[in-house]
Each structure stands twice: as C-alpha cells, then as structure tokens.
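> Sequence and predicted model, in that order:
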Amino acid sequence: MKLNNIIQEPVNTDKKTTQSLNKPQKESKLVVLQPIGYPFLCNLVENPKIEIFDKELFELYAREQWLGYTVSEGSFIFDQKLLPDYAFKIIKAHPDDSKISENTSILLMEVEEVREIKRIESSIKMDDVIGQERAKIKCKVIMKYLQDPSHFGEWAPRNVLFYGTPGTGKTMLAKSLSNELKVPLFLIKATSLIGEHVGDGARQIHELFEAASITAPSVVFIDEIDAIGLDRKYQSLRGDVSEVVNALLTEMDGIKQNTGVVTVGATNNPHLLDFAIRSRFEEEIEFTLPDDEERKAILEHYASSMPLIVKFSIDDLVKPTKGLSGRDIKDRILKVALHKAIHEDEEAITWDHVKYALKQIKKNTSEPKGMFA
Ligand SMILES: Nc1ncnc2c1ncn2[C@@H]1O[C@H](COP(=O)(O)OP(=O)(O)OP(=O)(O)O)[C@@H](O)[C@H]1O
Ligand SMILES: [Mg+2]
C-alpha cells in the first residue's frame, strides 16, 4: 500500500485551508466503501466482520467522523471511532477527488457486491462497434438525454433492451456508451444476483439504482438479464428469483420521473424474459450477425492492430466468415491464425495460418450456417 494513497485530512487544519484555497474542492455526492481491515494484525486483534444493520445510522456515523475529508477512488480511509485504524477502501467517489459534506451519501458494500456492481472504465469508442446502426442511433439519443434530461420531460428514454446472437457487440456498445458519455455506467451481471441468501439480489438491485440515481445522469447496464427476468413459469424453480424480478420492476418503473437514469438490458434470448419486465422496455433492439461489408470492416479493424505483418487478403476472408459474429472473427479466426504464426516463429500471418483457423472452427462447431458456402 503506497503511503500517498492514504487519505488523512482532518477538517479545519491549516494544511486543509491552504489546499482548499489552491484547489477548489467539489462536494461528494456519493462515496462507496468496502471494509478492508486493520493495516496489520497481531495475535491480540482479529479483523472483525463489518455488517450494517441500519444504513442511515451508519451514514450519520461515517459523515460525522469524515466530514471534510477528501475522497478519491482507490484510496483508503480509516475509522477513527469504534474501530480505530480499521481501513475502508473507497470504491467509488462521485465526483472523484471530492470532499465529504453533510449531504454526501455513504454506502458500505460487501466484497462480492463491489465486484459485481462497478463503474466501467473503458476506452472503446462507439465507432469501434461496426454495424448495429439502430442501437447506435438509440445510444446517441440516450447521450442527448443525459446531457440535458430536463429537455425531454416525460419523453425521456428509460429502459432499452439489446438482444441477439452472442458476440455481436451488445456489451461492447454499452461500454462505449460509458466512455463517450463521461457519466457513470453501472454494470451488473444478472447471473450474480441469484445469491445464496434470499433477499441479497433484491437488495443489490435497490443499491445499484440508488447509486445510479445519486450520481445521475447515469446508465445502469444489466447484462444477461434473462437470468433474473426468467419467465414466471421458470421462476418457481429458482427460489428467490421472483423477489429479484419484483425489485427490478419497481426500479424500472422509477418512483420519480426524469431521474436521469437510463437502464439498458442485454440478453441472447428475449423470449425467456418475464413478460412484465419485457413490457417495461420501451424499445427492443436486435443485434444481428455482420453482413459482408461489416465483416470486411471488422476484419480490417482488428487486422490493423495485430502484432505481426498481415500477408493474406482480407477480401478473400469475407466469404468464408459468413455466419460468424464479431467475437468469432476476432477470437476464433484472427487470434488463432496469429497464434499459429507465432508458434511457427513466422514474422507474418499468411493464408495458411488463416486456413488453419477456419478448419478449427469448422471442426469445433456444427454451425455457423453458410460458412464455407
Ligand atoms: N459489431 C462489432 N464490431 C466490432 N467488434 C465486435 C463487434 N461485435 C463483437 N465484436 C468483438 O467481439 C467482442 C465480444 O463482443 P460483446 O461482448 O460485445 O458481445 P455480446 O453481444 O455482448 O455477446 P454476449 O451475448 O455473448 O454477451 C468485442 O469485445 C469485440 O472485440
Ligand atoms: Mg455481452
């Protein structure tokens, strides 16, 4: 742990005042903490397990002791009261490098929750996603809305569903949205919501939307939403799923209009979705397999960043890759061909390497339709 990662800035000291004069401090809207433990242990002390039984009370306790502290993501803050020197990691500070005030919301999250509910950092641009024009248009509208939510009034985009074949760019487009928007995007994999304890998943959903509305404008991305949105006839088979479904329904309806939170769901199979959830998506946008032109663009895009010289004709590869997704083209054709060339200590990727990759994919799958047509 680097020492300069540790924040210890009590209120009203001279140091603080000089710092504040030099650099105007923003007020934190939201701080999310993860309990870490003591900096070191001796056999007299053990790391206690922190569990919050009253969130509001914890917030008061936390605000009181850390009022005026500067918080930045990834750094640590130490308890001063009940468990002196017990460390908490700052998982989220919105805005980053801001100061805890009377109005800051402070949440504590368990390790597993922190892993699943996170703000995505991504450098993907929307133009890197080839094709999927309808989805991109919708994302551009969402961007306009998030830049000026009041302009849309009751016509705000709220819930959008991306669906379609695996590997066609659904998650990639959501990540690019976060990058282009420069607003928080909260990602949750729905599969992680069916927890061991009944109530865990529902609580996670509420906390996710709470964090999103505090940091609004923001986007909540629920990947693999079919895992929780399961049709009612399957729900009885999956214990607490219906509780999670109800939590999601409540949040998708939104208690307040125009909160500046947009929910994007993604699934391979919209038919598996609970009807009530499905009907709350104002638009369902299909992600399709790339056509000839799009496959050519995908091949060119990824071939241009390969670490070896490309000595095969991209045009010749357009037809044999018919029926493959963007992910297949990148990982199962280009990557396999590249690795084959590297294994052979070649300096260039040749058509022989590509042929090898095509043969592998043909061997490993009965689909895709139309391949080698
Ligand atoms: N349209 C595309 N343009 C460029 N690259 C793509 C495209 N589609 C897929 N890829 C490549 O494949 C990878 C996987 O795509 P992604 O994870 O977005 O697929 P997905 O639709 O979310 O799949 P799944 O339904 O399995 O979650 C991307 O990171 C990217 O490298
Ligand atoms: Mg995905």
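Ah, there it is. Ligands and ions are numbered 1, 2, ... in the order given.
> Give me the buried positions along stretch 91-101.
Ile91, Lys92, Ala93, His94, Ser98, Lys99, Ile100 (16 or more other C-beta atoms under 10 Å). Using the backbone N, CA and C atoms, a C-beta is placed for each residue, glycine as well.
> a markdown table for those residues, including distance to His206, pLDDT and secondary structure?
Output for the buried residues of stretch 91-101, formatted as a markdown table (distance: C-beta to C-beta, whole Å; pLDDT from 0 to 100; DSSP: H, G, I helix; E, B strand; the rest coil):
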| residue | distance to His206 | pLDDT | secondary structure |
| --- | --- | --- | --- |
| Ile91 | 17 | 81 | strand |
| Lys92 | 16 | 78 | strand |
| Ala93 | 21 | 82 | strand |
| His94 | 18 | 78 | strand |
| Ser98 | 24 | 91 | strand |
| Lys99 | 27 | 93 | strand |
| Ile100 | 23 | 94 | coil |
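> can you list the residues that contact stretch 283-298?
Stretch 283-298 has contacts (C-beta atoms under 8 Å, 6 or more residues apart in numbering) with 130-132, 134-135, 138, 160-165, 168-170, 270, 278, 314-315, 318-319, 321-326, 329-330, 368.
> leaving aside the residues next to it on the chain, what's closest to Thr104?
Ser28 (4.4 Å; C-beta to C-beta, 6 or more residues apart in numbering).
> Can you redo the buried residues of stretch 91-101 as CSV, where the extra columns are distance to Arg295?
Output for the buried residues of stretch 91-101, formatted as CSV (distance: C-beta to C-beta, whole Å):
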residue, distance to Arg295
Ile91, 40
Lys92, 39
Ala93, 42
His94, 40
Ser98, 46
Lys99, 51
Ile100, 51
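> Can you lay out the residues you listed as TSV showing distance to ligand 1?
TSV is the format used below for the buried residues of stretch 91-101 (distance: C-beta to the nearest ligand atom, whole Å):
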residue	distance to ligand 1
Ile91	24
Lys92	24
Ala93	28
His94	26
Ser98	32
Lys99	37
Ile100	37
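> Ligand 1 contacts on the stretch 201-350 of the chain?
Applying C-beta under 6 Å from any ligand atom, we find that the stretch 201-350 of the chain lies next to ligand 1 at Asn268, Phe287, Ile298, Gly326, Arg327, Lys330.
> Of the residues you listed, which belong to helices?
Within those, residues falling in helices by DSSP state H are Ile298, Gly326, Arg327.
> Narrow those to just the buried residues.
Ile298, Gly326, Arg327.
> filter the contacts of stretch 283-298 down to the ones close to ligand 2.
Filtering these for proximity to ligand 2 (criterion: C-beta under 5 Å from the ion) leaves Lys170.
> which of the contacts of stretch 283-298 count as buried?
Those of the contacts of stretch 283-298 that meet the buried threshold are 130-132, 135, 138, 160-165, 168-170, 270, 278, 314, 318, 321-326, 329-330, 368, by 16+ other C-beta under 10 Å.
> On the three-state scheme, Gly74 is what?
coil (DSSP: H, G, I helix; E, B strand; the rest coil).
> Report the secondary structure element holding the closest residue to Phe281 other than its chain neighbours.
Once flanking residues are discounted, Phe281 sits nearest to Leu161: 4.0 Å by C-beta to C-beta, 6+ apart. Taking DSSP states H and E as the criterion, Leu161 maps to strand 159-164.
> got the contact list for the residue nearest to Thr104?
Applying C-beta under 8 Å, 6+ apart, the residues contacting Ser28 are Val71, Ala93, His94, Pro95, Ser98, Lys99, Ile100, Ser101, Thr104.
> OK, contacts around the second one?
Taking C-beta under 8 Å, 6+ apart, we find Ala93 in contact with Ser28, Leu30, Val31, Val32, Val71, Ser72, Glu73.
> Can you give me the neighbour number for the third one?
Neighbour count for Val31, taken as other C-beta atoms under 10 Å: 27.
> how much space between the closest residue to Arg280 other than its chain neighbours and ligand 2?
Closest residue to Arg280 apart from its sequence neighbours, by C-beta to C-beta, 6+ apart: Met252 at 4.6 Å. According to C-beta to the ion, to the nearest Å, Met252 and ligand 2 sit 20 Å apart.
> right, and Met252 touches Ile205 too?
No - using C-beta atoms under 8 Å, Met252 is not in contact with Ile205, being 9.8 Å away.
> Settle it for me: which of these two has more neighbours?
Ile205 (27 against 20).
> what about that one, is that helix, strand or coil?
Going by three-state DSSP: Ile205 is helix.
> The helix or strand Lys175 falls within: how far from the chain's middle?
Using DSSP H and E, Lys175 sits in helix 170-181. Its chain's C-alpha centre and that of helix 170-181 lie 9 Å apart, by C-alpha atoms, centre = their mean, to the nearest Å.
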